[in-house]
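Asks: Dropping the sequence and predicted coords here.
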Amino acid sequence: MMVLNTLKPGLEEKLYERALVLELVKRGHKVEQQRAYLVLYDGVEIGTLIPDLIVDDTVIADPKVAVDFNEAHVAQMIGYLNITALQVALLLNFKHSDLRWKRIVR
């Protein structure tokens with residue numbers, strides 16, 4: 001909420017992402033931006049997956065600026081959880097004056 005209350009709604013996602021990193025680190029969390037994960041198919045590397053934020057090596061945090069979360073957002077997080085082997089992802093929506101979020105559990 002601190003990030004949203006300070007910056008207000010409607011900016012670009014990357015601005016919220018950077019502010020969220022600063023706020024989480026200030027509160028003692030370990031945060032990695034754009035950690036790359038190899039994507040394998042049948043044992044062959046087919047590309048990389050790069051989630052926005054990994055917090056405390058346990059949670060994917062994905063800032064959005066959208067009217068509402070949709071099935072594509074949720075599907076993306078499910079895919080991220082499968083590739084990263086993490087258990088929890090948080091979608092954070094900075095479009096509105098109240099912080100809207102959705103937790104996805106693998």
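Replies: That came through fine. Every value quoted in this text rests on a predicted model; they were computed, and no experiment measured them.
Asks: Can you tell me the centre-most residue of the chain?
Replies: In the chain, the residue lying closest to the centroid (Cα atoms, centre = their mean) is residue 62, at 1.7 Å.
Asks: tell me the phi and psi of it?
Replies: phi -130, psi 100 (degrees, to the nearest 10).
Asks: and it, what pLDDT?
Replies: Reported pLDDT at residue 62 in the predicted model: 96.
Asks: beta partners of it?
Replies: In this structure, residue 62 bridges to residue 91 when assessed by DSSP bridges.
Asks: for residue 77, what are its contacts?
Replies: The contact partners of residue 77, by Cβ atoms under 8 Å, 6 or more residues apart in numbering, come to 60, 62, 89, 91, 104. (Glycine included, C-beta is placed from N, CA and C.)
Asks: Who wins on neighbours among the residues you listed?
Replies: Ranked by neighbour count under the definition other Cβ atoms under 10 Å, these are headed by residue 89 with 24 neighbours.
Asks: Just say helix, strand or coil for residue 11.
Replies: With DSSP: H, G, I helix; E, B strand; the rest coil as the basis, the three-state label of residue 11 is coil.
Asks: Quick one: residues contacting it.
Replies: Taking Cβ under 8 Å, 6+ apart as the criterion, residue 11 is in contact with 65, 94.
Asks: measure it to residue 99 for me?
Replies: Residue 11 is 14 Å from residue 99, where distance means Cβ to Cβ, to the nearest Å.
Asks: Could I get the full set of helices for this protein?
Replies: Using DSSP state H, the helices of the chain run over 2-7, 13-26, 71-84.
Asks: in the shortest one, what counts as buried?
Replies: Judged by neighbour count (16 or more other Cβ atoms under 10 Å), helix 2-7 contains these buried residues: 3, 4.
Asks: From residue 46, how far off is residue 5?
Replies: As judged by Cβ to Cβ, residue 5 and residue 46 stand 41 Å apart.
Asks: Residue 70 now?
Replies: From residue 70 over to residue 46 (counting by Cβ to Cβ), the distance is 26 Å.
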